[in-house]
Every structure is written in structure tokens, then in C-alpha cells.
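Asks: structure of the sequence below:
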Amino acid sequence: MIATILLQAAGGFDPRQLIVFGLIIVVFYFFMIRPQVKKQKDQKNFVGDLKKGDKVVTTAGIHGKIAEVADATFLIETEGGGKIRFNKSAISLEESKALNAPVVTK
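Replies: Down below sits the predicted model:
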């Protein structure tokens with residue numbers, strides 16, 4: 001017991017510091033890393049499930065309908081009739097979900 005007190009007084013190892021450091025890592029994981037991994041997984045599943053005719057919004061803010069699906073790209077038909085090819089990673093998950101959400105009327 002006296003040796004422990006002397007080590008702590010001399011700046012030695014304190015197990016409580018290790019516990020606090022471990023708690024910081026756990027909090028960091030649950031508030032930073034885990035939500036980001038979940039968001040990436042949702043985005044990948046969303047893009048994988050898109051098909052011809054789905055309405056989408058790109059990360060650049062372009063609204064359109066999918067005219068063609070290729071391996072790594074989509075051909076998007078815009079409102080004016082023009083067609084633009086985008087990488088699959090350029091589709092915005094949140095905006096596209098909001099665009100395709102059913103309209104609730106009261």
C-alpha cells in the first residue's frame with residue numbers, strides 16, 4: 001500500500017488513468033466511428049438498389065430520373081430531356097430519399 005502511494009506521488013502508473021482513457025476510446029467509437037460506418041453502409045445499399053426510373057438527386061444538386069444503369073455509372077435524364085452520366089458515388093442518399101418520400105396530405 002505504501003509502495004502504491006509512493007508510486008502515485010512520484011508520478012507513477014495510476015490504473016484510473018487507464019480506465020478514463022479506455023472510456024474516452026469507447027465514447028469516441030460510439031459517437032464518431034460507428035455512425036459513419038453505418039452511413040457508408042446505408043449509402044452503398046441505397047446505390048445498389050437503384051434501378052431504371054428511380055428519381056434521384058446528385059451531390060451536385062441535379063435532379064433527374066435514372067435512364068440507364070451501368071457497372072459504375074448511371075445515366076440521368078434531367079427535366080429538360082438532357083442526359084448526363086454520373087458515377088454511382090455522386091448520388092445523394094438523403095436528398096433522393098426525400099424526393100421519393102410519399103406526400104402526406106391532411
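Asks: tell me which residues of stretch 31-45 are tucked away?
Replies: By 16 or more other CB atoms under 10 Å, the buried positions in stretch 31-45 come out as Gln43. For the C-beta atoms, the positions are set from N, CA and C on the backbone; glycine is no exception.
Asks: who touches it?
Replies: With contacts defined as CB atoms under 8 Å, 6 or more residues apart in numbering, stretch 31-45 is touched by Leu93.
Asks: stretch 68-78 too?
Replies: 50-52, 56, 58, 62-67, 83-88, 91.
Asks: could you list the buried residues of it?
Replies: Phe74, Leu75, Ile76, Glu77.
Asks: paired strands for the helix or strand in which the third one is found, with orientation please.
Replies: Spelled out, it's Ile76. According to DSSP states H and E, Ile76 maps onto strand 73-77. Here strand 73-77 has these sheet partners by DSSP bridges: strand 63-69 (antiparallel), strand 83-87 (antiparallel).
Asks: can I get the last one in CSV, CA atoms only?
Replies: Only the C-alpha atoms of strand 83-87 are listed here, as CSV (Å, rounded to 0.1, in the frame of the first residue of the first chain):
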residue,chain,number,x,y,z
LYS,A,83,-29.0,13.1,-70.3
ILE,A,84,-25.9,13.2,-68.1
ARG,A,85,-23.7,10.3,-66.9
PHE,A,86,-22.7,10.2,-63.2
ASN,A,87,-20.7,7.9,-61.1
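Asks: that strand - what's its average pLDDT?
Replies: Mean pLDDT, computed over strand 83-87, is 94.
Asks: other residues contacting that strand?
Replies: Residues contacting strand 83-87 (CB under 8 Å, 6+ apart): Thr58, Ile62, Gly64, Ala67, Ala72, Thr73, Phe74, Leu75, Ile76, Glu77, Thr78.
Asks: turn those residues into TSV, including pLDDT.
Replies: Formatted as TSV, those follow (pLDDT from 0 to 100):
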residue	pLDDT
Thr58	89
Ile62	89
Gly64	90
Ala67	93
Ala72	90
Thr73	92
Phe74	92
Leu75	94
Ile76	93
Glu77	94
Thr78	92
